[in-house]
Structures are given as C-alpha cells and as structure tokens.
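[1] got a sequence here, can you model it:
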Amino acid sequence: MSLTSRRSLRLASLCAATAVAVAACGSGDDSGTVADAAALDACDPDGVTITAMFADQGKVPAEAAKAELEQRHPGLTVDLKLVGTASYDDLTQQMVTDIAAGSRPDVGMVGLGQVRFWVDRYQPVPLDPDTLPATYDRSYLDAGSVDGVPYIAPFQVSMAVLYTNTTLAESAGVTELPDSTSELVDAARAIRATTGNAPVSLPRDGIADWVAQSFIQSAGVTFVEDDGTAGFDTPEGHEALSVYSDLAAEDLIAPVGALDATELFTTGQLAYLVTSPASAVSIGQAVGDAFEWTVSDFPVPDGGSPVLPAGGNGWMVLSDDACRAAYANEMITTMLSPQIIADSARQYSYAPVDTQAAEELAADPLADTPVGYAWRYDGKVTPWGGWHDDNTPRVNTLLTEMVQRLTNGEPLDTVVPDTTAQIDALVAR
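    Residues are numbered from 1 along each chain as shown. Down below sits the predicted model:
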C-alpha cells in the first residue's frame, strides 16, 4: 500500500463507490472458478494471451515481466491493463466490474488490506511458496494469507511510521523522537506552546483504518475477531485509541486530510506526520534542504510493542484456465525477482521482500537516510484488515468516520461502541 498522500486522500472517497460496485455484483464467484496451474511444459504458448491488471505502482515491474515472458515463450502475449490510480479501492472496483462483465484478469494486483475479500469472494488457488524465487523472504507471506494459508505474494510492503521535522521539534526544546503515544502528546504540547500551531497529523482519510489498526494491535488488542466482528470495544481498545482524543482535547492535532497534512509537513509547519514510508522519496524531494527531518518507528500505546499491519500490495493469480494460470504464476515469479524488488524499493521506499534485494539496499548510500527506513525495518508485519466477505470497503469507511469523530472531539466512550456496533451489524446482515 505506494501509499502516497494523493492516493491516501482518494481512498476514503472511493470506499463507498467500491462498496456499491461489490454489492451490485451479488455474492460468490462472478466469472468461473480459479484454475489450478498446469505444468508449463504441457502448455503451448502460441496464441495464448494472459492479462495483468494493476495500479500505477505496478507499471514498471509488469512491463519488465511482459518483456521477459514474451521473449521466453514465443507466441505468448501478455496484455497489460493499467488502472490509472494508486488507490487499491479504485483498483478493486475496476477489477470487480471487469470480472462481472466477463473480462477476468489472469494476474491481479491486490491491496494487502483486501486479501480476505478476494479469498472469500473468488476462492483463488492457494499460493505455492515453492514457485517463488529462492531468495524471497517467506516471512512476508503472512501478510497475504487468510487463516494461515497464503494466497497472495506480497510485493510492495510498508508499515506505519512517524515523520518528524526535527528542526521544528528542536526549536521547541524537544530533542528525542517519541516512541509512545504519551511521548507524542507531551512533545506536541511543548511544540504547540512555542509555535501556537497544532503540530501533529494522524490520517483521518485514506489510510485512517490502517493506522487505527496499528494503534489497536500494538496495544495487544484484537482488531478482528474470528467471527468477523470488531474486537476493540474493550477498555484496552479504548485506551489504544485515546491518542486521537488526547491530541484533539488540547488542539494538538491538525484536522486536515492527507494532502493538506503532507503540504503542512513539507512546508515546515507540521512537526509530526504519521503515514507510510512509501512517501519518503516524494517528501524528501519537496523538503529539499529547507529543514532537517527523519522517519522513525511508529509511536505505540504506552506499555505496548509494535504489531503493525502490512500496507502495500501483492500479486494474485485469478486465471480460470490451467495454462494461463501457469503463465500467470511465472509472471508473478518474474515480478518478484531480486532486482525488480530492489528497484521498486528505491522508487517508493518499500520494505524489500527479498533477502538478496535487502542486502543490495543495505549497501546503498541512502540506506541510513529517511528514504531507507523501510529497507532497514526488521519487525514482523501482520495482515492488514481481515474483515470477512465484501465488508472491507464499508468497514474502512466506518473506521475513517470513527477517527474523524475522535479528532473532532467527540467522546471516546461514545464513538468506539457506536463504530463497533455498526461493524458488527454489517457482519450479521
């Protein structure tokens, strides 16, 4: 999930549209059953066309894989279908619409927050880890799994992080990076006393659900119960989410969307920005030499430890033909080559999902800069979301509204129970 700030803004506005598209298609598989892959040597590529559908951040790897596969298998055509967006909700909407119309892609880019939706709705064949490159870091497969079974090969992976304008923070006497939510509130209070401005931005559109999940899980609280209901309407869950209310109560949080928050940060007006490390390249270009800044660990609730959901995307086979499925698997393997992964990480500051790529990036001069934060990340990531059936877009909208209500000053003990009750009603319908 690159989770650029522009895409972040689009995500929330597209959730409702995605939900409508999904609901309009009915339930179950809309266009045949996903096929088990045949052996490649049993397939004749002559006249075969496979289609790959992806968002903007998949364009370069898909083009590289197309060239390699068509050279390797004369007669094979790889049709690339770019959905002109960086939003996974937008991409899902288009893929669902195409499948319902009988135009099913063989390879699909899937946002890691929507894995459960694709598995519940289209019943893809489980991923065979043996088909992945030997250097692929299999610890990332959990992020593409449902109930312990891998279905998606994660490709571009991120985790929530804290961007700090260290020049601004130090001008207010704050010299340490906040590791916990209470430290974040204390630092914000000191900076506001000096500047008179709200110094913190937590996402309240786009990836609001992802960051809320990061707070909840890092407090040791269950995000999604086994039955698909919400698990965080507990005293511990309320405490995990209290950072929103605590910041709002003292006007320490800027009540703006992702685009405006990023602009405030890059123009030196915001001390703390929580978002994805995938924005580091573009933020660095915007900041230039105007001030010193860094990327550091996500501030977890007091007493907690980082248990962060994996943002980003992966690749899934959706072919309904055995030979097309075989070529689709080969295309995914090609897009997961160490060099493609390293190049992608340089472009978007993603965590490398390949050990060889990780070694190459560790030796890069940018590894010790903010751009290299995700390259150095050694924590374990968890699945993002996990809401059952077609509930993901709807639930994400409810979670976004929850964050907005909390940052607007509504009582925590009213907002959280109200949100979980609406989520549970969706599950029960």
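[2] count of neighbours near residue 146?
    19 (other CB atoms under 10 Å). Placement of C-beta: from N, CA and C, glycine included.
[3] over to residue 305?
    Using other CB under 10 Å, residue 305 is surrounded by 11 other residues.
[4] which ones are touching the residue nearest to it when sequence neighbours are not counted?
    In this structure, residue 305 finds its nearest non-sequential neighbour in residue 218, 6.5 Å apart by CB to CB, 6 or more residues apart in numbering. Residues near residue 218 by CB atoms under 8 Å, 6 or more residues apart in numbering: 240, 298, 300-301, 304-308.
[5] most neighbours of all those residues, which one?
    Neighbour max across these (other CB under 10 Å) = residue 240, 28 neighbours.
[6] quick check: that one is in a strand.
    No. Assigned with DSSP: H, G, I helix; E, B strand; the rest coil, residue 240 falls outside any strand and is helix.
[7] my guess is it contacts residue 213. True?
    No. Using CB atoms under 8 Å, residue 240 is not in contact with residue 213; the gap is 10.0 Å.
[8] tell me where the stretch 1-150 of the chain has helices.
    Per DSSP state H, counting those that start in this stretch, the stretch 1-150 of the chain has helices spanning 5-24, 59-72, 88-100, 115-122. These are given in chain order.
[9] looking at these, which has the lowest confidence?
    Lowest mean pLDDT within the helices of the stretch 1-150 of the chain: helix 5-24, at a mean of 36.
[10] for stretch 385-399, list the C-alpha coordinates in PDB.
    Backbone C-alpha positions of stretch 385-399 (Å, rounded to 0.1, in the frame of the first residue of the first chain) are rendered in PDB as follows:
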ATOM      1  CA  GLY A 385      -7.700  -5.600   7.900                       C
ATOM      2  CA  GLY A 386      -9.200  -9.100   7.700                       C
ATOM      3  CA  TRP A 387     -12.900  -8.200   7.500                       C
ATOM      4  CA  HIS A 388     -14.900 -11.000   6.100                       C
ATOM      5  CA  ASP A 389     -16.700 -11.300   2.700                       C
ATOM      6  CA  ASP A 390     -17.400  -7.900   1.000                       C
ATOM      7  CA  ASN A 391     -17.300  -5.900   4.200                       C
ATOM      8  CA  THR A 392     -13.800  -4.300   3.800                       C
ATOM      9  CA  PRO A 393     -14.800  -1.100   2.000                       C
ATOM     10  CA  ARG A 394     -17.800  -0.500   4.200                       C
ATOM     11  CA  VAL A 395     -15.900  -1.200   7.400                       C
ATOM     12  CA  ASN A 396     -13.000   1.000   6.300                       C
ATOM     13  CA  THR A 397     -15.400   3.900   5.800                       C
ATOM     14  CA  LEU A 398     -16.800   3.400   9.300                       C
ATOM     15  CA  LEU A 399     -13.300   3.300  10.800                       C
END
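[11] how is this protein divided into domains?
    According to automatic domain parsing, the chain comprises the domains 5-157+311-361, 161-309+391-428.
[12] low-confidence ranges in this protein?
    When residues are selected by pLDDT under 70, those of the chain lie in 1-32.
[13] go again using 50 as the cut-off
    For the chain, the stretches flagged by pLDDT under 50 are 1-29, 31.
[14] show me the residue at the heart of it, geometrically.
    Centroid check for the chain by CA atoms, centre = their mean gives residue 311 as the closest residue, at 2.3 Å.
[15] list the contacts for that residue?
    1, 3, 112-113, 157-160, 207, 210, 276, 278, 384.
[16] which strands and helices sit next to the helix or strand where residue 328 lies?
    If you go by DSSP states H and E, residue 328 is part of helix 322-335. Using 3 or more CB pairs under 8 Å, 6 or more residues apart in numbering; DSSP states H and E as the contact criterion, the elements in contact with helix 322-335 are strand 49-54, helix 59-72, strand 107-111, strand 311-317.
[17] so residue 317 bridges to which residues?
    residue 107 (DSSP bridges).
[18] quick one: neighbours of it, just the number.
    28.
[19] that one and residue 100, how far apart?
    Residue 317 sits 19 Å away from residue 100, going by CB to CB, to the nearest Å.
[20] now swap in residue 192 and tell me
    From residue 192 across to residue 100, the span is 50 Å (CB to CB).
[21] could you do residue 210 as well?
    From residue 210 to residue 100 the distance is 27 Å (CB to CB).
[22] neighbour-wise, which of these two wins?
    More neighbours surround residue 210 than the other of residue 210 and residue 100, with 28 against 16 (other CB under 10 Å).
[23] tell me how many other residues surround the nearest residue to residue 203 once chain neighbours are set aside.
    Residue nearest to residue 203 in three dimensions, not counting chain neighbours: residue 211, with 5.0 Å by CB to CB, 6+ apart. Residue 211 is flanked by 24 other residues according to other CB under 10 Å.
[24] list the contacts of residue 286.
    Contacts of residue 286 (CB under 8 Å, 6+ apart): 262, 266.
[25] hmm, 6 Å instead?
    Residues in contact with residue 286 (CB atoms under 6 Å, 6 or more residues apart in numbering) are residue 266.
[26] which secondary structure element is home to it?
    Going by DSSP H and E, residue 286 is part of helix 280-287.
[27] pull up the pairing partners for the helix or strand following that helix, direction included.
    Sequence-wise, the next helix or strand downstream of helix 280-287 (DSSP H and E) is strand 293-297. As defined by DSSP bridges, the strand partners of strand 293-297 come to strand 161-165 (antiparallel).
[28] and the partner strand, how far from the chain's centre?
    18 Å (CA atoms, centre = their mean, to the nearest Å).
[29] what sits up against it?
    Counting by CB under 6 Å, 6+ apart, residues outside strand 161-165 touching it are 177, 271-274, 277, 291, 293-296, 298-299.
[30] swap in 7 Å and give it another go.
    With contacts defined as CB atoms under 7 Å, 6 or more residues apart in numbering, strand 161-165 is touched by 177, 265, 268, 270-275, 277, 283, 291, 293-299, 373.
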